[in-house]
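Q: sequence plus predicted model, see below.
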Amino acid sequence: MKIAGIPAGERKNGLIRSALVFGACYLVMLAFLFIAVVINDVSSWTVYFTENFSEPLSLIVSVFLLFCVIYFYFMFDDPAFLVKAGNVVLTFCILLVSVVLCYLFGRFVHIYARPLAVFAFLALFLLGRRHALFLNFVFSFLMFVIDLFTNTFPTSELNNAIYSSFMLSFISGTFAVFLSSSAKTRGGLLLSGVFIAVPTVIVVLLFNIPELTYNWIDYVSAAGFRMFGCVVAAVLALSILPVFEWGFNKLTVFRLRELTSTNAALLVHLKKEAPGTFNHSLIVAQLAESCAVAIGENSELARAAAYYHDVGKLKQPECFTENQTDYNVHDEITPELSADIIRSHTKDGYELLMANRLPKEIADIAREHHGTLPIKYFYDKAVRYSGDADIKDFSYLGPLPHSRISAIIMISDAAEAATRASADRSPERVERICRDVIEERMDLGQFEECDVTMKELSVIKQTLVEVLSGVHHHRVQYPAIRFNRDRQAVPKEEEDESRSH
Ligand SMILES: [Fe+2]
Ligand SMILES: [Fe+2]
């Protein structure tokens, strides 16, 4: 049995491995908390462990239980995420970096200057909104537990700050997730840092009303530091995100934007070396983006995946029709060799993308976008030449599409190529082409490993017809006249004739 595309045995091993990684991460977190306790009271930190033993014990047990909560959440909600140890390490790194930054700002700037929303920002863009919301809840408890059971804030004056830490972390993080989830630019993320300051400053002012009566300067400065903490959270998230994107090869909306910029290195190379493939990819991107929007998928990822789906053709661009002019290399080689060159562009694309450290999601789609489909043209050529041919030698090597976006790219790619090759591009003909493309792939079992539904395939087909009909719409015939210098209309043939004399 397979769960989320992972065989049962592999899933069990993955969960055990992740539990061990969680254990190691827990020990690292305890080590950091120990260092923090020592720094807080360098001369007599041993007192913390000897005189009031219940506090360190409460801290150790509470942090352990919170780590268990995170593990169980992923185990039941997203086991496919959990079985990859890299995801566990990423989640822990976001947690640790956020705790360390909050500690440093709280200890050396001001308790209210802590960038509490940095965790929510990082989790949102690296793990997604659903996980970010839950993890921010756990992070808020973690901050509260750390404040309560360490010697970070021993003075009684700061009790309000300690007890407001859960509220502040929760409010800052939740607002950060909702306000920045539609941010498509780094500027948008920065702006949401300013907006989340409003609710958290209100919390600070409410929790410190007693202070207003005897020290209004501290009261106002607490609000000022809180505002500073929110903006700093956004700035820090912006600075740290590229490190995580690169270190864990993770996709964020910002990275997708950069990858689809016309200045992206591989796209510049594709435009120069294989202009036909580049233009084809642009249209596939337009189709795939519309289809992704229509079925509620990640349209940014669909667009990026379409841009890069054929980069494997860069190895031998002249072997692909869209880059050829008069000379066709396939006229001089056997159909078997031709098919071999054509089908290797999926594997070559995957290797090129991985070598250039592009996100694995995009590389996987490049490898899957022809599934195990036959290369009909060269199979037919081989049969005509030798009377017989093994279809296996004329089929792509797979794997089959594993995601709905991968299925979208497979269909959009074929629909674009078939429409371009057709002399008749009327809406009726385009509709027929798109239907044939989808039905042929269903008959050949190309969607068996992805969770695309019949209803979604129908929506994809309808979207493709609409967009392709727009791309290849019928153009009005221009009248055959020109205007001379006196701005008088002259029939085109007549004017051409007069110019030739
Ligand atoms: Fe391709
Ligand atoms: Fe293609």
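A: Received, thanks. Residues are numbered from 1 along each chain as shown. Ligands and ions are numbered 1, 2, ... in the order given.
Q: hey, let's count contacts and neighbours off CA atoms from now on
A: Will do.
Q: could you pull out the helices for the stretch 1-150 of the chain?
A: When secondary structure is read from DSSP state H, counting those that start in this stretch, the stretch 1-150 of the chain shows helices at 8-40, 46-50, 54-77, 79-82, 85-108, 118-127, 129-149.
Q: before we move on, what about the stretch 301-450 of the chain?
A: Taking DSSP H, counting those that start in this stretch to define them, one finds helices in the stretch 301-450 of the chain at 335-355, 360-368, 376-386, 404-421, 427-443.
Q: before we move on, back to that, make JSON lines from the helices of the stretch 1-150 of the chain and add distance to residue 251 to it.
A: Compiled in JSON lines, the helices of the stretch 1-150 of the chain are given as follows (distance: least, C-alpha to C-alpha, whole Å):
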{"stretch": "helix 8-40", "distance to residue 251": "22"}
{"stretch": "helix 46-50", "distance to residue 251": "43"}
{"stretch": "helix 54-77", "distance to residue 251": "20"}
{"stretch": "helix 79-82", "distance to residue 251": "14"}
{"stretch": "helix 85-108", "distance to residue 251": "13"}
{"stretch": "helix 118-127", "distance to residue 251": "7"}
{"stretch": "helix 129-149", "distance to residue 251": "14"}
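Q: least reliable of the ones you listed by average pLDDT, please.
A: Lowest mean pLDDT of the helices of the stretch 1-150 of the chain: helix 46-50, a mean of 78.
Q: in that helix, which residues are buried?
A: In terms of neighbour count (16 or more other C-alpha atoms under 10 Å), helix 46-50 has its buried residues at residue 48.
Q: what's the neighbour count on residue 61?
A: One way to gauge burial is a neighbour count; for residue 61, by other C-alpha atoms under 10 Å, it gives 11.
Q: try the one 10 residues further on
A: Using other C-alpha under 10 Å, the number of residues around residue 71 comes to 19.
Q: which parts of this structure belong to which domain?
A: Listed domain ranges for the chain are 2-250, 255-471 (source: automatic domain parsing).
Q: and the ones you listed as CSV, adding distance to residue 487?
A: Shown next, in CSV, are those (distance: least, C-alpha to C-alpha, whole Å):
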stretch, distance to residue 487
domain 2-250, 49
domain 255-471, 34
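Q: so for residue 484, which of those domains sits nearest?
A: Comparing those by their distance to residue 484 (C-alpha to C-alpha), the top pick is domain 255-471, with 33.5 Å.
Q: any idea of the mean pLDDT for that closest one?
A: Looking at domain 255-471 alone, the average pLDDT works out to 92.
Q: ok, residues contacting stretch 377-386?
A: Residues lying outside stretch 377-386 but in contact with it, judged by C-alpha atoms under 8 Å, 6 or more residues apart in numbering, are 334, 335, 336, 338, 339, 388, 389, 391, 394.
Q: could you check how far the residue nearest to residue 85 when sequence neighbours are not counted is from residue 119?
A: Ranked by C-alpha to C-alpha, 6 or more residues apart in numbering and with sequence neighbours excluded, the top spatial neighbour of residue 85 is residue 18, at 5.3 Å. The span separating residue 18 from residue 119 equals 21 Å under the rule C-alpha to C-alpha, to the nearest Å.
Q: give me the more crowded residue out of these two.
A: For the pair residue 18 and residue 119, the greater number of neighbours falls to residue 119 (32 against 23), based on other C-alpha under 10 Å.
Q: look up how far residue 137 lies from that one.
A: In this structure, residue 119 and residue 137 are separated by 11 Å, where distance is defined by C-alpha to C-alpha.
Q: hey, what's in contact with both of those two?
A: With C-alpha under 8 Å, 6+ apart as the test, residue 119 and residue 137 reach no residue in common.
Q: quick one: low-confidence ranges for the stretch 101-250 of the chain?
A: Low-confidence segments of the stretch 101-250 of the chain, defined by pLDDT under 70, are located at 152-162, 210-214.
Q: now do the strands in it.
A: With strands called from DSSP state E, counting those that start in this stretch, the stretch 101-250 of the chain shows none.
Q: give me every residue that touches the residue lying closest to residue 341 once chain neighbours are set aside.
A: Nearest in space to residue 341, with sequence neighbours left out and distances taken as C-alpha to C-alpha, 6+ apart, is residue 319 at 7.6 Å. Residues touching residue 319, when contacts are defined by C-alpha under 8 Å, 6+ apart, comprise 328, 329, 330, 341, 342.
Q: now neighbour count too, for those residues, in JSON lines please.
A: Output for these, formatted as JSON lines (neighbours: other C-alpha atoms under 10 Å):
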{"residue": "328", "neighbour count": "14"}
{"residue": "329", "neighbour count": "13"}
{"residue": "330", "neighbour count": "17"}
{"residue": "341", "neighbour count": "16"}
{"residue": "342", "neighbour count": "20"}
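Q: show me what contacts residue 457?
A: When contacts are counted by C-alpha under 8 Å, 6+ apart, residue 457 is found next to residue 438.
Q: name the helix or strand for it, please.
A: helix 454-471 (DSSP states H and E).
Q: ok and that helix relative to helix 427-443, angle-wise?
A: Between helix 454-471 and helix 427-443, the angle formed by their directions is 140 degrees, by axes from the mean of the first three to the mean of the last three C-alpha atoms, to 10 degrees.
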